[in-house]
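>>> Just need the structure, nothing else, for what follows:
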Amino acid sequence: MSPLKRLFSFTRRYWYKYVLGLFVLFFTDLFMLFTPKFTGFAIDGIRSLMAGGHVSANIFTERSFLFPYNEMVENLANRLVSSGLIYFLLFAAGVILFVNILSNLFRVFWRLFIMKTSYRVDYDIRDVYYKKLLSLPMEFYSRYSTGELMSRATSDLHAVRMTAGPGILAMFDPLFMGALAIINMISINPKLTLLSLIPLPLIAVLVFIFERIIFKYFKEVQQKFSSLTNYSQNSFNGIKIIKSYTKEVEMADSFDEFSSSYRSSFLKLVRVEGLFHPMIILFSSLSLIVILYFGGKLVIDGIITIGNFYAFQMYLMALIWPMVAIGWVITLWARGMASMFRINEVLESENTLICGKDSIDKINKIEFKNVWFKYPKSKSWILEDISFSFKSGEKIAFVGKIGTGKSTITELLLRFYDPQKGEIIINDKPIKEFSLETLRSSIGYIPQDSFLFSESLKDNLALSFDKDDNLMERVIMNAGLTDTISEFKDGLETVVGEKGITLSGGQRQRMTIARALYRQPAFIIFDDSFSSIDSHIEEKILTSLSGQLTDVMQLFIAHRLSTIQNVDKIFVLRSGKIVESGRYDELLKKQNEFYRIYLTQQLEEE
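Down below sits the predicted model:
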């Protein structure tokens, strides 16, 4: 779908608000353009009275349905003049004031209809954008950085909102204003009107040339802004590393490079726009020169009156705004379409994970059959010909050096990715036949990265599930957090800060363990979940869990071998392959890969 069609798909649901806004906008312009005509009538009336004549009204043309009112206005004006010139002036001023009040009152309403609606469109796009991000697979996030996605949600959405509000206004207002001004100019003198419109073709050529240049430059600006945002976010996330390695100066220098690149691109855009708008005004101003010469001659020859000449000039000034607005419209729409194109890239991204509709009440059996896998940007296989199975109540573990594919197995079980070869079977059915929602809700996942939201401890444990105080107390005890939480002044209501920064690494890991237990899943994945926990606390937690999770399937990814001494089976990975398997004591006796890992850890501990 093109960016324009995508934008209209969001604005279409509010079409009646836009129609009402444009209807009110038309009358705003209509009342506003009545002022020059009536002012011209007042000028001619004063001039006629000073020459000893009477007031003559030619406000409405013969083709207008209001033409009969000319005589009524003329009679009223002359009756007021008979009482004194001041009454005629007050009458003219009163009418002009009343019309301007009406015009500005209508202006308030079109702002409410059009501008307010643009914020509704912004809300809808932002909502769809966020939900789309939540629905996309992990493969998508390997292609787009957080900074890129955030810049689309901020700067690009702002540009789109400006298109949906001021952009639509600035597109129709010149049409209404221009059409009404030209009609009034023709009613004064058609030939003079034609001469004053000569610069319009030049403006059309300018618009055609500059529109493409602005679109190209603004898209480049937004891409540079994405890079700048991404670099800034990475810097803030890694602020501890930056400070501990005293890299503040180097990071600041790199930021200056990103910022300078963004500034250079933005200045190119500013220079183009800075040239575009004055050129529009310049060609528009040529019309003033035309009417000063030809219009002046018509006044001298008595073809038009001084009042009509004044009104014509005011209409021409009103016509210059539409000409200038064309430049603004092109800028707004070029920026908006460039931004909508970038947002569209996300909205049109496909979810490559094919999901079934079957639900899972409880996972009883898991089997990997000859599974091969590599990440989207990887050239080599991460997992090669992996086969294993386990069932309800069993505990298995995967060990191996860093980069052997241990955590990848958990990502396949959670369907963050699908294997390129082989098959994963759950409860004797291919994993693809189950809906993602029921599959993932059946699994308690404790990742390597102990991520906590910037909320209270209670909210982090419940994660929007119903809060059960008794269950919460039990999982806190099983995760060894009872003493820790009692030390906090606000207990479970303590807000942990961004990513749980107020907690230690071990406390965060225990919180993620408690969070997984709170869901009461039939299958729990411990992905190196005890690495930051003291060994004596780890032993207490494992002892507590062994009594509580007798019927729960458990999969451990472990670097610390003490964590997996009591599992039913251990699989040893090397270069993405299972090289041996068995119980803890059996593998030690074989003195192969597992034994070498064991000796390495013993040496490290000593």
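
>>> how would you label E580: helix, strand or coil?
strand (DSSP: H, G, I helix; E, B strand; the rest coil).

>>> Which residues are in contact with it?
When contacts are counted by CB atoms under 8 Å, 6 or more residues apart in numbering, E580 touches F571, V572, L587, K590, N592, E593, F594. For the C-beta atoms, the positions are set from N, CA and C on the backbone; glycine is no exception.

>>> count of residues packed around the residue lying closest to it once chain neighbours are set aside?
Sequence neighbours aside, V572 is the residue nearest to E580 in space, at 4.8 Å (criterion: CB to CB, 6 or more residues apart in numbering). A count of neighbours around V572, defined by other CB atoms under 10 Å, yields 24.

>>> Going by contacts, tell me the helices and strands next to the helix or strand harbouring V572.
Counting by DSSP states H and E, the element that carries V572 is strand 569-574. Secondary-structure packing of strand 569-574 (3 or more CB pairs under 8 Å, 6 or more residues apart in numbering; DSSP states H and E): strand 395-400, strand 577-582, helix 584-590, helix 593-605.

>>> Same list (these) but as JSON lines, adding distance to K132 and mean pLDDT.
Below are the helices and strands packed on strand 569-574 laid out as JSON lines (distance: least, CB to CB, whole Å; pLDDT from 0 to 100):
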{"stretch": "strand 395-400", "distance to K132": "33", "mean pLDDT": "91"}
{"stretch": "strand 577-582", "distance to K132": "37", "mean pLDDT": "91"}
{"stretch": "helix 584-590", "distance to K132": "46", "mean pLDDT": "89"}
{"stretch": "helix 593-605", "distance to K132": "43", "mean pLDDT": "81"}
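
>>> Pick the most buried one from those.
Of all the helices and strands packed on strand 569-574, strand 395-400 has the most neighbours on average by mean count of other CB atoms under 10 Å, namely a mean of 22.

>>> residues making contact with that strand?
The contact list for strand 395-400, computed with CB under 8 Å, 6+ apart, reads 388, 390, 406, 409, 553-559, 561, 563-564, 566-574, 593-594, 597.

>>> run the last query once more with 7 Å
Applying CB atoms under 7 Å, 6 or more residues apart in numbering, the external contacts of strand 395-400 come out as 390, 406, 409, 554-558, 561, 564, 567-574, 594, 597.

>>> Would you mind giving me the ChimeraX syntax to select the buried ones in those residues?
In ChimeraX, this line selects whichever of these come out buried by 16 or more other CB atoms under 10 Å:
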select :390,406,409,554,555,556,557,558,561,564,567,569,570,571,572,573,574,594,597
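
>>> quick revisit: got a list of what the residue nearest to E580 touches?
By CB under 7 Å, 6+ apart, V572 lies in contact with V399, G400, I578, V579, E580, S581, L587, E593, F594.

>>> Would you reformat the residues you listed as JSON lines and include distance to S187?
Below are the contacts of V572 laid out as JSON lines (distance: CB to CB, whole Å):
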{"residue": "V399", "distance to S187": "90"}
{"residue": "G400", "distance to S187": "88"}
{"residue": "I578", "distance to S187": "90"}
{"residue": "V579", "distance to S187": "93"}
{"residue": "E580", "distance to S187": "96"}
{"residue": "S581", "distance to S187": "94"}
{"residue": "L587", "distance to S187": "99"}
{"residue": "E593", "distance to S187": "95"}
{"residue": "F594", "distance to S187": "97"}
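
>>> What about K365, how many residues nearby?
By other CB under 10 Å, 15 other residues sit near K365.

>>> Looking at the closest residue to it other than its chain neighbours now. What's its pLDDT?
Setting aside the residues directly before and after it, K365 is nearest to K391 in space (CB to CB, 6+ apart), at 4.6 Å. With respect to pLDDT, K391 has a value of 88.

>>> Alright, calling it a day.
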